[in-house]
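Asks: this one's sequence-less:
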């Protein structure tokens, strides 16, 4: 430990004492936690919203804050720094936290620094309360400087202009806890230990990104194969050679070298001692540090040790202890000289430096003669193995050499430190009334006089109790079981399922410091970190603030799929209540005036509420001509006169614009071939910025109130440095996501209804697809019915019905001919009604697409009757679905809506896909209706019958359904 660090520890203790004196009175003003806020509410929160409100409490010792709403709680120890010590499901008294981690981690100006957190826990498998007083603060972390308590604030405006859930409110009720942190009592020399850039405090000697093969390198290749090369197929730094052979480049180092570093992609290399690495050479000694992606037999390394260090005398194949890392991405390796020691350090491309071994020379380390990078061989000898193995391909991406720590360079760090000390990092938490949901995000306020570069923020970091731990999974990642907590963020895209859409921000991981876990290779998924995979890489100007993405977490109280899905749906209803809007929308396929007015008139007559110009209608929202704007205003005025709102369709990301405006592949420097949809415009190119300017203007000036935004931004990165809206690859994903979500949030403030086939709910989108294969709408009509109900059954486990749309092709769609289409409508009236009921009867609005809603008076009467039925029972039909029997074409299939807050507690919808009448008894579970003793159930408009619930809250009823038809039952 350096003298400066010791001084820092002393200052930290002093600062913590001052903190205790400063904030104890503020903490003591809070109520002491007790009663149901510790033990949990008596009633099931899914059946009856608890009367208890979310609050912030303290413990009796006034050294902890506790967020609790009687359903879940989260506790924070406050001294000597703040840290989460408990996350509990109160009804089960289930504790999810096994160890203390930082509250956040921020990477700014080249330094990665913990925010909060405590150190010294003796065992990371569990956290005993009597350990807490002995934990210490990291002297180089941001320290708690204050806290505030308030109410949740709306993330953006939501203009209510249409029907939504009766109890929808915005912002959600609850409590907000804001904890401020600042970097204090840190010295410039100690800041270097946090630097993630090797040049901090050092002068550059030589760098090489291998765009060409410089003459300074002396290349050694293997004689075992004629293709062995360090310059393969015109690519400098690419090694192509047998697995167990030595191929490297050597550079003569000048006096005063203090650090050497290389960047490596291991590629197909599966060697052990011959794995890629870096070495320093002295006249009488060589030190080697290399990755071990495999072993000499060419098998992948699935062990607990991944690095080898040769210290000049022996090979240590267990360098750094157990560290089950992933070599599939880019890694950085460096050798750092400091006094009498050489440090062998490595990190993944977006990770933090870790020291894997320290080699002590026991005297001042002399200047090395040269450095080698590549496949160095056993003992760094440069010799090949007697069994070379298969050919492999790997890449040395870059190299850098720097001088020793330089006092003049350290002086420069003082300025950086001053800027960091003027940052206020605020960690925000919101706990909501009546639901087990916590939201968390980080805000960085720059109070310095210079811009601060924020590259990354890990805004949530939890060490979670093991869930179904096992000692080894034999490489089967799919068999690993994650803890029973749901996490998602508002930065979700490129999928219709929450887990997939959040895969680039929600990171389940292992804990290599947790050495007592049952897994020998320490690969149990027991940590959660929230951060955008591509980072932020944004400059925060003086006086400005920057906000991270937001996390929403639910600690589940059950392993039941339906109950957990209900919890997730309840969360959406509270934190994104616009998803309860569910207007009846007709997608018209023609924009000709006479066809359009017919569509509007028919929508008014049958009770539909919106008309949207579908793809293929001939309508172009990007056309800014005076003629088109006059046309749009005319169309909107006509619709308004009939009580109908109109909107349009637009395709965004899944198309090609130009080499200038499309996203650029970071591997090739060219467009095409790598984007999610093959090609995509960059939203921060000139075209992208113009596109959104046009959309803002169009919706501001025309009166259009609905938008189907197809091919929404799926998260593509862009390596262009010429696009005006982003600097380069690093900030390209975040800036594009920010652009599109800012637009969606603005739409919400204007009351514009958004249909987006992607997971943008938390950023303002109303609906996403239920999940279907488009070509299935070209199948025969009877097939389409089964697929419709299968899609709805499968697509509503984690979503309310109002969050999803399905499809009804009135006209031909992708083919299938007459057998696949409903037109002429009057000739397929029964199928038309069944498609309508199979959708809206389950609370799902469809993309009802065609030239008209009816073609005869009889068709009109049917559509009007079904729409009126839906509106009569709208609130219960838009309530959550209980999944009872999935459609299979063999027997009746049925689902039930439940809502204990309504008069109609349940609504059972039963379908018969066969050619025979089906009469049978079925068990109906009524627990989530809120009924406990008896239920009144009526078939359609018939007289209700009273049923006694059994001890499982079930009733048995007899249902009868005509061939290829449906029946329904109201439960009160």
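Replies: Arrived safely. All values reported here derive from a predicted model rather than from experimental measurement.
Asks: okay, CA-based contacts and neighbour counts for the rest of this
Replies: OK.
Asks: partners of the helix or strand hosting residue 708, with directions?
Replies: According to DSSP states H and E, residue 708 maps onto strand 706-710. Partners of strand 706-710 in the sheet, by DSSP bridges, are strand 645-651 (parallel), strand 753-755 (parallel).
Asks: which residues touch the residue nearest the centre of the chain?
Replies: What sits nearest the mean C-alpha location of the chain, by Cα atoms, centre = their mean, is residue 502, with 2.7 Å. Counting by Cα atoms under 8 Å, 6 or more residues apart in numbering, residue 502 makes contact with 488-489, 491-493.
Asks: next, format those residues as a markdown table and append pLDDT, neighbour count and distance to residue 663.
Replies: Formatted as a markdown table, the contacts of residue 502 follow (pLDDT from 0 to 100; neighbours: other Cα atoms under 10 Å; distance: Cα to Cα, whole Å):
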| residue | pLDDT | neighbour count | distance to residue 663 |
| --- | --- | --- | --- |
| 488 | 98 | 21 | 27 |
| 489 | 98 | 26 | 24 |
| 491 | 98 | 27 | 19 |
| 492 | 97 | 29 | 19 |
| 493 | 96 | 23 | 17 |
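Asks: and of those residues, the nearest to residue 115?
Replies: Nearest to residue 115 among the contacts of residue 502: residue 489, at 20.1 Å, using Cα to Cα.
Asks: that closest one against residue 552, yeah?
Replies: Yes: applying Cα atoms under 8 Å, one finds residue 489 in contact with residue 552, separated by 5.9 Å.
Asks: how about the helices in this protein?
Replies: Along the chain, counting by DSSP state H, helices occupy 3-28, 36-39, 188-191, 407-421, 498-501, 561-575, 593-606, 626-641, 686-701, 732-750, 781-795, 829-840, 857-872, 874-877.
Asks: thinking again about what came up before, which one of the contacts of residue 502 sits closest to residue 35?
Replies: Among the contacts of residue 502, residue 488 lies closest to residue 35 (Cα to Cα), at 30.6 Å.
Asks: residues contacting that closest one?
Replies: Applying Cα under 8 Å, 6+ apart to residue 488 gives the contacts 498-499, 502, 505-506, 551-553.
Asks: also residue 611?
Replies: Shown in contact with residue 611 (Cα under 8 Å, 6+ apart): 585-588, 599-600, 603, 644-647.
Asks: what distance do you get for it to residue 159?
Replies: 20 Å (Cα to Cα, to the nearest Å).
Asks: same thing with residue 831?
Replies: From residue 831 to residue 159 the distance is 37 Å (Cα to Cα).
Asks: ditto for residue 513
Replies: 48 Å.
Asks: would you mind listing the buried residues in stretch 672-689?
Replies: Neighbour counts over stretch 672-689 (16 or more other Cα atoms under 10 Å) mark 672, 674-676, 679-689 as buried.
Asks: what's across from the closest residue to residue 765 other than its chain neighbours in the sheet?
Replies: Closest residue in space to residue 765, ignoring its immediate chain neighbours: residue 754 at 5.1 Å, by Cα to Cα, 6 or more residues apart in numbering. Beta-bridge partners for residue 754, by DSSP bridges, are residue 707.
Asks: number of nearby residues for residue 754?
Replies: For residue 754, the count of nearby residues is 24 (other Cα atoms under 10 Å).
Asks: for residue 773, same thing?
Replies: 9.
Asks: cool, and the one 3 residues further on?
Replies: Here the neighbour count serves as a burial measure; for residue 776 (other Cα under 10 Å) it reads 18.
Asks: ok, the residue nearest to residue 555 when sequence neighbours are not counted - contacts?
Replies: Once flanking residues are discounted, residue 555 sits nearest to residue 485: 4.4 Å by Cα to Cα, 6+ apart. Residue 485 sits next to 553-556 when contact means Cα under 8 Å, 6+ apart.
Asks: please apply the same query to residue 903.
Replies: Going by Cα under 8 Å, 6+ apart, residue 903 touches residue 972.
Asks: so where's this structure uncertain?
Replies: 1-22 (pLDDT under 70).
Asks: let's see it at 50
Replies: Within the chain, the segments meeting pLDDT under 50 span 1-15, 17-18.
Asks: residue contacts, residue 410?
Replies: Counting by Cα under 8 Å, 6+ apart, residue 410 touches 188-189, 200-202.
Asks: can I get the residues you listed in JSON lines with neighbour count and distance to residue 263?
Replies: Below are the contacts of residue 410 laid out as JSON lines (neighbours: other Cα atoms under 10 Å; distance: Cα to Cα, whole Å):
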{"residue": "188", "neighbour count": "18", "distance to residue 263": "27"}
{"residue": "189", "neighbour count": "18", "distance to residue 263": "26"}
{"residue": "200", "neighbour count": "22", "distance to residue 263": "17"}
{"residue": "201", "neighbour count": "24", "distance to residue 263": "20"}
{"residue": "202", "neighbour count": "20", "distance to residue 263": "19"}
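Asks: which stretches of the stretch 1-150 of the chain form strands?
Replies: Using DSSP state E, counting those that start in this stretch, the strands of the stretch 1-150 of the chain run over 55-58, 64-68, 72-77, 83-89, 94-95, 97-99, 104-108, 111-115, 143-150.
Asks: list the buried residues in the longest one.
Replies: Of the residues in strand 143-150, those with enough neighbours to count as buried (16+ other Cα under 10 Å) are 143-145, 147.
Asks: of those, which is the nearest to residue 761?
Replies: residue 147 (30.2 Å).
Asks: who's the residue nearest to that closest one when sequence neighbours are not counted bridged to?
Replies: Residue nearest to residue 147 in three dimensions, not counting chain neighbours: residue 179, with 4.3 Å by Cα to Cα, 6+ apart. Residue 179 has these beta-bridge partners by DSSP bridges: residue 147, residue 427.
Asks: next, count neighbours for residue 179.
Replies: If you count neighbours by other Cα under 10 Å, residue 179 ends up with 19.
Asks: quick one: it and residue 440 touch, right?
Replies: No: counting by Cα under 8 Å, residue 179 stays clear of residue 440, with 11.2 Å between them.
Asks: which residues do those two both contact?
Replies: 427-428.
Asks: how deep is the nearest residue to residue 211 once chain neighbours are set aside tucked in, by neighbour count?
Replies: Distance criterion Cα to Cα, 6+ apart; nearest residue to residue 211, sequence neighbours excluded, is residue 236 at 6.5 Å. Residues near residue 236, counting by other Cα under 10 Å, number 19.
Asks: which one is residue 176 nearest to, not counting chain neighbours?
Replies: residue 430 (4.4 Å).
Asks: quick revisit: so which of residue 831 and residue 159 has more stuff around it?
Replies: Comparing residue 831 with residue 159 by other Cα under 10 Å, the one with more neighbours is residue 831, at 20 against 14.
Asks: gap between that one and residue 783?
Replies: Separation of residue 831 from residue 783 (Cα to Cα): 11 Å.
Asks: ditto for residue 375
Replies: According to Cα to Cα, residue 375 and residue 783 sit 59 Å apart.
Asks: what about the two, which has more around it?
Replies: Using other Cα under 10 Å as the criterion, residue 375 and residue 783 rank with residue 375 on top: 36 against 15.
Asks: pretty sure the more buried one is touching residue 276, no?
Replies: Yes: the pair residue 375 and residue 276 qualifies as a contact (Cα under 8 Å) at a distance of 4.5 Å.
Asks: other SSEs contacting the longest strand along the chain?
Replies: Ranked by number of residues, the top strand in the chain under DSSP state E is strand 391-403. Identification of packing neighbours for strand 391-403 by 3 or more Cα pairs under 8 Å, 6 or more residues apart in numbering; DSSP states H and E yields strand 204-208, strand 235-242, strand 257-265.
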